[in-house]
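[1] Next one to model:
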Amino acid sequence: MLPTERQKQIKAWIQDKKSLKISLLSEWLGVSEMTVHRDLKPLIEEGVVVKTFGGITLAEDESSLQLSVDTCAYCSNQIRERLVYRIILSNQEIKQACCAHCGLMLHEQNEGQAVQALCRDFLTETTISAVQAWYVLDTSLDIGCCEPQVLSFGQHEQAEKFVKGFGGGIYNFTEAMETVHERMNMHSNCCKKKQ
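    Below is the predicted model:
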C-alpha cells in the first residue's frame, strides 16, 4: 500500500473513531510505527489530525484536548512533568494528575470513560501505559507528593531492583488502584503532602 493510500485509510478511520493509537494504526496498516509517523506528518500539517500522547485525534476535537493549566485534577497540586499521570477519556478530554497516586484515584473516578492512561516511568522518565505499569508503594524514598506515595515503573524487573534499595511493595495496575483506594478510605486526609 502506498503512503497516500495509507493516509486515505487513516483519514477514514480517524473520522470514524475520533482518536487512535499509533500502535493500533501500525498493526492495522501492517507497517512500522515509524512509517505511521511519516504517514501522519502531512495529515498533521494539513490540520486533519492532531498529535496526542501516543496517538492522534481528529483536528476538530482539538479544543477538547486542552489540558487544565498546571494543576492536578484530583488534588489541585502543581503538576511536575516527571510524575505526571494523564487519562484520556472517551470524549477526548484529558485529565492530568500530579502523581500516580492521584492518577489512580482519578482513573477509578472515571472508570468506564477512560480510553487511555499514561504515566512516567520513575527511573527512565519515559511515557508508559499506566494500565500495564508496575507500581511501588511504601518506599522509604520521599518524593514530596501525595500520600500514600505511588511510583510507576514500565518493567517489573526495574521495580524489583528499586524495592531492593528503597523498600516497598510492587503492585499491578488493578492491585495498586484498589490498595490506594482502600488506604484513602481509611484516612480522611486525602492527598496530604508530607511535611
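[2] these two touch, right, residue 113 and residue 94?
    No. Judged on C-beta atoms under 8 Å, residue 113 makes no contact with residue 94 at a distance of 12.0 Å. Heads up, the C-betas are built off the backbone N, CA and C, glycines and all.
[3] Which of those two has more residues huddled nearby?
    residue 94 (19 against 14; other C-beta atoms under 10 Å).
[4] residue closest to the middle of this structure?
    residue 118 (1.1 Å; C-alpha atoms, centre = their mean).
[5] Just say helix, strand or coil for it.
    With DSSP: H, G, I helix; E, B strand; the rest coil as the basis, residue 118 sits in strand.
[6] again, but for residue 76
    Following three-state DSSP, residue 76 is assigned to coil.
[7] which SS class is residue 177?
    Going by three-state DSSP: residue 177 is helix.
[8] Contact partners for the closest residue to it other than its chain neighbours?
    Excluding the flanking residues, the one nearest residue 177 by C-beta to C-beta, 6 or more residues apart in numbering is residue 104, at 4.6 Å. For residue 104, the contacting residues are 85, 135, 150, 176-177, 180-181, by C-beta atoms under 8 Å, 6 or more residues apart in numbering.
[9] let's see 7 Å
    The contact partners of residue 104, taken as C-beta atoms under 7 Å, 6 or more residues apart in numbering, are 150, 176-177, 180.
[10] Let me have those in a markdown table, adding pLDDT as columns.
    Output for those, formatted as a markdown table (pLDDT from 0 to 100):
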| residue | pLDDT |
| --- | --- |
| 150 | 96 |
| 176 | 96 |
| 177 | 93 |
| 180 | 93 |
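[11] tell me the domain boundaries of the protein?
    3-62, 85-186 (automatic domain parsing).
[12] among the helices and strands of the chain, which has the poorest mean pLDDT?
    Across the helices and strands of the chain, mean confidence by mean pLDDT, DSSP states H and E is lowest for strand 49-52: a mean of 80.
[13] what lines up beside that one in the sheet?
    Each strand paired with strand 49-52, and its direction, by DSSP bridges: strand 55-58 (antiparallel).
[14] Alpha carbons only: can I get the partner strand in PDB?
    Taking Å, rounded to 0.1, in the frame of the first residue of the first chain, the C-alpha atoms of strand 55-58 are listed here in PDB:
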ATOM      1  CA  GLY A  55      -1.700   8.700  19.100                       C
ATOM      2  CA  ILE A  56      -3.800  11.100  17.100                       C
ATOM      3  CA  THR A  57      -7.200  12.700  17.400                       C
ATOM      4  CA  LEU A  58      -9.500  14.400  14.900                       C
END
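[15] Show me the contact partners of that strand.
    Outside strand 55-58, the residues that touch it by C-beta under 7 Å, 6+ apart are 14-15, 18-22, 40, 49-50, 65, 92.
[16] Cool, thanks, talk later.
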